[in-house]
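1. Return a 3D structure for these sequence lines:
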Amino acid sequence: MAEIHAAGSLLVGEGVYMKGTMRVPGVASVDGKLEGELSADSVFIQQNGSMDGQTTANHVRVAGTLTDTTVANRTLVVEATGLVAGSITYQELEIKKGGSLQGGIYKVGREMPAVPAPAPAPEPAPATVQTGAPATVQAAAPAIENVLADVLANVQPAEAPAGAPAAAPVSANNKPKN
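-> Purely as a prediction, here's the structure:
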C-alpha cells in the first residue's frame, strides 16, 4: 500500500465519524467510523475502524469491521482481527487466522450465480359439486354386491380359541349396512 500521509489520501482518525460519499485517489485509512460510499486506490480499515456502506478499491486490508458491499478489484486481505460482512467481491483473497468473512463471496470477473425464480403455482382446477353417486358407480353397484357375496361364501371361519364365544357365521345376507 502507498503512504497514508501522501497527497490525495484520507485519514479518518480514532473517534471521528464521517457519513457521505468519499472519492480518494490514494489511500483511505479508517481508524474511526465511516458510513456511506468510499472509493479509493487502497482502503485500510484499522483495528478500531469500521466502514458500513459500499467500498470499492484496488486493494483492501481489514483489521476492523467492513460491512455491506465490498469490491476489491485486486487484493482483499483480512487480518486476524478483521471482519468483512455482506456482498464481497475480490480478485485475490488472503484471510489471516482469526479473520472472518460473512455473506456472499464472489471472484472478480465471474458473474454472481443467478437465483432461480420460483416455479409458478399450477392453477387450481375448477371445483365441481356432485350430488349422489355418479351413474357409473350406480350401474356397477349390483356387480360389486355379487362379487362380495361370492367372496364371503368362500371364507372359512377361523377356529375360536378355547373358551371364547363362537362367532356368528358370515353370509352375504348379514353384511353390515352403510
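2. buried sites along stretch 14-25?
-> For stretch 14-25, the buried set under the neighbour-count rule, 16 or more other C-beta atoms under 10 Å, comprises Met22, Val24. Heads up, the C-betas are built off the backbone N, CA and C, glycines and all.
3. do the same with stretch 43-60
-> So, applying 16+ other C-beta under 10 Å, buried residues of stretch 43-60: 43-46, 48-57, 59-60.
4. Among those residues, give me the pair with the biggest separation.
-> Asn48 and Thr56 (22.4 Å; C-beta to C-beta).
5. Do you have the helices of this protein handy? List them.
-> Applying DSSP state H to the chain gives helices spanning 135-153.
6. just for it, where's the confidence low?
-> Low-confidence segments of the chain, defined by pLDDT under 70: 1-5, 111-178.
7. ok, which stretches of this protein are strands?
-> Taking DSSP state E, the strands of the chain run over residues 10-12, 17-30, 33-45, 50-62, 65-78, 83-95, 100-107.
8. which other residues reach stretch 93-101?
-> 62, 72, 75-85, 88 (C-beta atoms under 8 Å, 6 or more residues apart in numbering).
9. CSV for these, including distance to Gly13 and neighbour count?
-> Shown next, in CSV, are the contacts of stretch 93-101 (distance: C-beta to C-beta, whole Å; neighbours: other C-beta atoms under 10 Å):
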residue, distance to Gly13, neighbour count
Val62, 18, 30
Ala72, 24, 26
Thr75, 25, 17
Leu76, 24, 28
Val77, 22, 21
Val78, 22, 24
Glu79, 19, 20
Ala80, 23, 12
Thr81, 18, 16
Gly82, 19, 23
Leu83, 21, 18
Val84, 22, 29
Ala85, 24, 15
Ile88, 26, 23
